[in-house]
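Colleague: 3D, please:
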Amino acid sequence: MAEARARAAAHEQAARSARASAEAEAEMRARALAQRAAMAEHAAMTRDASAHATPSPSAPAGDASPASNTTTPRIAIPTEAALTPEQVDAAAPAETDEVDALLDRLRVGNIAFNAPQTINISETIRVRALVSPDEAAATLQAQVDAPGEQVVAPLKISKLMEARLTGDGFRIVPITATQQAVGSGVTTWEWEVTPETAGRHRLTLTVDAFVRMDGQSVAKTLRTFDHPIEVQVTAGQRIGGWLEEHGKWAWSTLLVPLWAWWTRRKKAKPDSAAT
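Modeller: Okay, here's the model as predicted:
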């Protein structure tokens, strides 16, 4: 219990750090956008002031209009030389700004799933992944009633999410829909996993969030969890595999001598009866 509470506290701290980092990034982008707007406004004011200071072509030569004696106001316009490199990079227009802003607005929740360490070949197990924006890490972790280690981690949550389980050497059958709407409770993904070859293999859990861009729902991969699994072969499976591979010559090696011995014994019985 103490270890579970410690891990839950660590995950809660990681979630708070992720939220703080996202807020700091959003604030920096907001400042950069405000500075870009100020630069554009100053440039517009300069153009307007220059236009008002231009003498009218119809004025008599030698007569100075009041505007000709007016000094054009000097406006301090921020330049890139006065900005830090970070501010210049943030102020430069980028197509990724919209994506970053959408991801920053996503709420941070938790994901918990089971990660088996070993499994016998041809044995089928279930892998479950639980996602929630509200459940505490320890509470969500306790709900993963499936074999293996229960892993929990912070995760950004969107209204529509997708979870995929992949791995070479496994037959993986999804039990639930891969794309699901996520509410305030717990959303569950589940797969049946059957190893087909022995040895060390890897299962990969990939989680995507869907955000709205230009009127379309676009997927963005949030986390990828890569987990090694040792696929073992039992003694019975080894014997069965050996017989399947070598059965023909093994049976012929055993049965032919046995048949020859039985034939000789059968012939010997009448001879002994006659004597």
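Colleague: Count residues in the vicinity of residue 208, would you?
Modeller: Neighbourhood size, residue 208 [other C-beta atoms under 10 Å]: 19. Bear in mind the C-beta positions are built from the backbone N, C-alpha and C, glycine included.
Colleague: How about it: which residues does it bridge to?
Modeller: residue 162, residue 221 (DSSP bridges).
Colleague: and it, what does it touch?
Modeller: Applying C-beta atoms under 8 Å, 6 or more residues apart in numbering, we find residue 208 in contact with 161-164, 219-222.
Colleague: The residues you listed, buried ones only, as a ChimeraX selection?
Modeller: Those of those that count as buried under 16 or more other C-beta atoms under 10 Å are selected in ChimeraX with:
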select :161,162,163,164,222
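Colleague: between the contacts of residue 208, which is nearest residue 148?
Modeller: When those are compared for distance to residue 148 (C-beta to C-beta), residue 163 wins out at 16.6 Å.
Colleague: From residue 187, how far off is the nearest residue to residue 219 once chain neighbours are set aside?
Modeller: In space, and not counting its chain neighbours, residue 219 is closest to residue 208: 4.5 Å by C-beta to C-beta, 6 or more residues apart in numbering. Here residue 208 is placed at a distance of 13 Å from residue 187 (C-beta to C-beta, to the nearest Å).
Colleague: and for the two, which residues touch both?
Modeller: Residues touching both residue 208 and residue 187 (C-beta under 8 Å, 6+ apart) are residue 161.
Colleague: still on that earlier bit, can you read off the pLDDT for the residue nearest to residue 219?
Modeller: With respect to pLDDT, residue 208 scores 96.
Colleague: Tell me which stretches of the stretch 151-275 of the chain form strands.
Modeller: Counting by DSSP state E, counting those that start in this stretch, the stretch 151-275 of the chain has strands at residues 160-166, 170-174, 179-181, 187-195, 199-213, 216-232.
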